[in-house]
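Peer 1: sequence and predicted structure are below.
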Amino acid sequence: MCVGEKRTIIVPKHLVVARPGYEFLAPSGYDLLYHIELLEIDKNVPNKEEFFKEIDSNFDKKLSRDEVKFYLQKHFEMTDTNGNVLDDNEVDPKLISERDDLLEQFFEKEDRNGDGLIEYKEMFIPRHNEF
């Protein structure tokens, strides 16, 4: 796509499935129609190495669940209602659930040796070997 280009995405009703609690956004039995427009291209998106370093707060070249959870919490658009550190009691439970789902998906995909940590080298293992 090019900046300013518009597209329409149609999700046929037989593929529409909403997470519990989000049925009002994707009601079953209806086709979904999305109108999207590319507003800009951000050329400052970090590569995997920069991304890893940003999350690795103790610089041990391993990502723990707590480090990734903190990163996700920091990047969710959440509001601190009482002016101190944001805690889970101040956040919509659906956002907490989404954050936790993202955390699990990230570890399932990237923790190749299953030790509960994502090592620096695990993120750079090629996923496919077609050649």
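Peer 2: Arrived safely, thanks for sending. Numbering: from 1, shown residues only.
Peer 1: for residue 44, see how far away residue 37 is.
Peer 2: 21 Å (Cβ to Cβ, to the nearest Å). Just so you know, the C-beta spots here come from the backbone N, C-alpha and C atoms, and that holds for glycine as well.
Peer 1: same question for residue 57.
Peer 2: Between residue 57 and residue 44 the distance, using Cβ to Cβ, works out to 21 Å.
Peer 1: the two: who's more crowded?
Peer 2: Neighbour count, other Cβ atoms under 10 Å: between residue 57 and residue 44, residue 57 has more, with 13 against 5.
Peer 1: surely the more buried one meets residue 70?
Peer 2: Yes. Shown here, residue 57 and residue 70 form a contact pair, counting by Cβ atoms under 8 Å, at 7.1 Å.
Peer 1: the strands in the chain, which residues?
Peer 2: Counting by DSSP state E, one finds strands in the chain at the ranges 6-11, 32-37, 62-63, 118-119.
Peer 1: state the mean pLDDT of the third one.
Peer 2: Predicted confidence along strand 62-63 averages 94 (mean pLDDT).
Peer 1: name the helices or strands packed onto that strand?
Peer 2: Here strand 62-63 is seen to pack against strand 118-119 when contacts are counted using 3 or more Cβ pairs under 8 Å, 6 or more residues apart in numbering; DSSP states H and E.
Peer 1: swap in 6 Å and give it another go.
Peer 2: Identification of packing neighbours for strand 62-63 by 3 or more Cβ pairs under 6 Å, 6 or more residues apart in numbering; DSSP states H and E yields no helix or strand.
Peer 1: strand partners (parallel or antiparallel) of it?
Peer 2: Here the strand partners of strand 62-63, with direction, are listed using DSSP bridges: strand 118-119 (antiparallel).
Peer 1: so for the strand it pairs with, mean pLDDT?
Peer 2: With pLDDT averaged residue by residue, strand 118-119 scores 92.
Peer 1: which other residues reach that strand?
Peer 2: The set of residues that contact strand 118-119 without belonging to it, under Cβ atoms under 6 Å, 6 or more residues apart in numbering, is 62-63, 110-111.
Peer 1: re the thing from before, and residue 99, which of the strands of the chain is closest to it?
Peer 2: Each of the strands of the chain was checked against residue 99 via Cβ to Cβ, and the shortest separation belongs to strand 62-63, namely 15.3 Å.
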